[in-house]
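Peer 1: Coordinates for the following, if possible.
(one chain, ligands or ions: 1)
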Amino acid sequence: MKENLFNSLVEGMENYIMFTIKARQLELSEGLKAKNRAPIMLSMGAPIEPVPTFVKEKTAKYLLQDPLHTYSTPKGELRFLEAVSARMKKRFDVELNPKAEVFSLIGSKEGLSNMIRALVNPKDKKEDQDVILTPNPGYASYSQMIKLCGANCYGIDLTEENNYMPDLYEVLEKYINEGNDPNKIKALIINYPNNPLGCTCDLKYLQHCVDFCNKLGILLISDNAYCEMYYDEQSKPHSALECEGAMDCCVEFHSLSKTYAMTGWRLGWACGNKKAITMLSRVKSTIDTGIFKVLQYAAADLIESAEGDKYIEEQNIKFEKKIRTFVEGLNKLGYKVKMPTTTFYLWVEIPERFENSKAFADAMLEKSGIVIVPGTGFSPNGQRHVRMSVVASDNDLAEVLKRMKEDGFEF
Ligand SMILES: Cc1ncc(COP(=O)(O)O)c(C=O)c1O
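Peer 2: Numbering: from 1, shown residues only. Below is the predicted model:
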């Protein structure tokens, strides 16, 4: 093969961090098992709870219907789109036209990446590239999706000091003062509840984001993958589409993955601004042909059902207890971890004796079989933090704490 045969943007990137970590874990697995340290996964945001029985039964029923085995459309079956509209109305009091303002997704990761692809003009040179404002720290995929599209990201620092809700006009001023061109900004990505911080924002801040994007004439991409995971009523997440003027600038991404522990089903939706949905449709209708109809019908029943809502409620009670017990355990080992208000993520400061977050994560894996993610996967200044996904069983979480104590990982 010729040199430089492949896309230089792809040549220049690495595999997604979760895959790299998984590969390393598999490589070490036998050795770890032999020393009684079989790997325990606190790396991916993949809950292991059983999915609702309701959706399994519905799927079994629809599976027997032959007409549901043919191609769907990239947009999604009307049954699914109407169920999404009904859910958005019931949960957030947001009115959506199912035919023009909702689109089915093969998981929200796919949708986010194709939305970015529909938005930016790919350029090789950094100085020419479009810019997307992204949360820092933020979901590890954003920066890679953006890079892959020949664009660039500019991190918005989410800190305890700004209560994770930074003033966007101050961010813009800083961006301009650093010599950057504001005309290059194409979108703002927000992710409340946030991966990896486990915090969320209030409706007033979402309105600030909407106003900012409308003022700049840019797209607001609201990643709401965790909107159903919250541990007190006060932190109950909102939709950005509840805000005034949101339909003029905002597209929001939802997922069934975390809400119903259905990560493997690859189901989600985009909704909001009509133009954004139309552009997403052009990309997606070119490259995919939609989701298996059986899954869409079963998912439609689920998101409309009382059984689905009950499942969410029960999961939140379970997770609250599981996370609280684990946080208490970590703090007994000397860590300073706060109970997250949303999600199942802990953003944990590492002990000083470790050189950086990668060294800590490597040691935890190699010595104790505890699989976690270095903070640098989420932020260039994540050297002193790691992310732990509290998704393992109660027994495994107790085992993690035991191993940390035995193997010298106290703070
Ligand atoms: C913030 C955030 N957005 C989107 C996703 C993608 O979820 P899915 O593609 O399963 O819907 C994830 C998965 O971890 C995530 O953490």
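Peer 1: what about the strands in the stretch 251-400 of the chain?
Peer 2: Remark: strands assigned in the stretch 251-400 of the chain by DSSP state E, counting those that start in this stretch are 268-272, 345-349, 370-371, 373-374, 385-389.
Peer 1: and the protein, which residues reach the ligand?
Peer 2: 45, 107-109, 139, 191, 195, 223, 225, 255, 257, 263, 268 (CB under 6 Å from any ligand atom). Bear in mind the C-beta positions are built from the backbone N, C-alpha and C, glycine included.
Peer 1: Correct me if wrong: I21 contacts V373.
Peer 2: Yes. Using CB atoms under 8 Å, I21 makes contact with V373 at a distance of 6.4 Å.
Peer 1: coming back round to it: want to throw the strands of the stretch 251-400 of the chain into CSV with mean pLDDT and distance to L241?
Peer 2: Listed next are the strands of the stretch 251-400 of the chain as CSV, based on pLDDT from 0 to 100; distance: least, CB to CB, whole Å:
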stretch, mean pLDDT, distance to L241
strand 268-272, 98, 6
strand 345-349, 98, 24
strand 370-371, 98, 36
strand 373-374, 97, 30
strand 385-389, 98, 28
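Peer 1: Columns mean neighbour count on top of those strands, output as TSV?
Peer 2: Listed next are those as TSV, based on neighbours: other CB atoms under 10 Å:
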stretch	mean neighbour count
strand 268-272	27
strand 345-349	22
strand 370-371	26
strand 373-374	24
strand 385-389	25
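Peer 1: any chance of those in a markdown table, with distance to Y205 too?
Peer 2: Shown next, in a markdown table, are those (distance: least, CB to CB, whole Å):
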| stretch | distance to Y205 |
| --- | --- |
| strand 268-272 | 18 |
| strand 345-349 | 19 |
| strand 370-371 | 33 |
| strand 373-374 | 26 |
| strand 385-389 | 23 |
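Peer 1: Nearest to N114, out of these?
Peer 2: strand 268-272 (8.9 Å; CB to CB).
Peer 1: How about residues contacting the closest one?
Peer 2: The contact list for strand 268-272, computed with CB atoms under 8 Å, 6 or more residues apart in numbering, reads 76, 80-81, 84-85, 88, 94, 96, 101-108, 110-111, 115, 222, 225, 240-241, 246-247, 250-257, 276-277, 280.
Peer 1: Next step: those residues restricted to helices.
Peer 2: Secondary structure from DSSP state H places 80-81, 84-85, 88, 108, 110-111, 115, 276-277, 280 of the contacts of strand 268-272 in helices.
Peer 1: which two in the residues you listed are spaced the farthest apart?
Peer 2: Based on CB to CB, the longest span within these runs between S85 and E110 and measures 20.8 Å.
Peer 1: Who are the contact partners of K126?
Peer 2: Shown in contact with K126 (CB under 8 Å, 6+ apart): N152.
Peer 1: So what's the predicted local confidence for it?
Peer 2: Turning to K126, the model gives it a pLDDT of 91.
Peer 1: next one: phi and psi at it?
Peer 2: Backbone torsions for K126, taken as degrees, to the nearest 10, come to phi -50, psi -40.
Peer 1: now do E101
Peer 2: phi -120, psi 10.
Peer 1: Quick check: the gap between it and K109.
Peer 2: Relative to K109, E101 is positioned 21 Å away (criterion: CB to CB, to the nearest Å).
Peer 1: Tell me who's in contact with the residue nearest to N331 when sequence neighbours are not counted.
Peer 2: Spatial nearest neighbour of N331, excluding adjacent residues (CB to CB, 6 or more residues apart in numbering): V337 at 5.9 Å. Counting by CB under 8 Å, 6+ apart, V337 touches 327, 330-331, 346, 348.
Peer 1: Of these, which is the nearest to the ligand?
Peer 2: Proximity of the contacts of V337 to the ligand (CB to the nearest ligand atom) peaks at L346, which lies at 14.0 Å.
Peer 1: Just list whatever residues bridge to that closest one.
Peer 2: Assessed by DSSP bridges, L346 has beta-bridge partners M388.
Peer 1: And for L365, nearest residue in space, chain neighbours not counted?
Peer 2: Distance criterion CB to CB, 6+ apart; nearest residue to L365, sequence neighbours excluded, is V371 at 5.7 Å.
Peer 1: who's in contact with that neighbour?
Peer 2: 21, 25, 39-43, 364-365.
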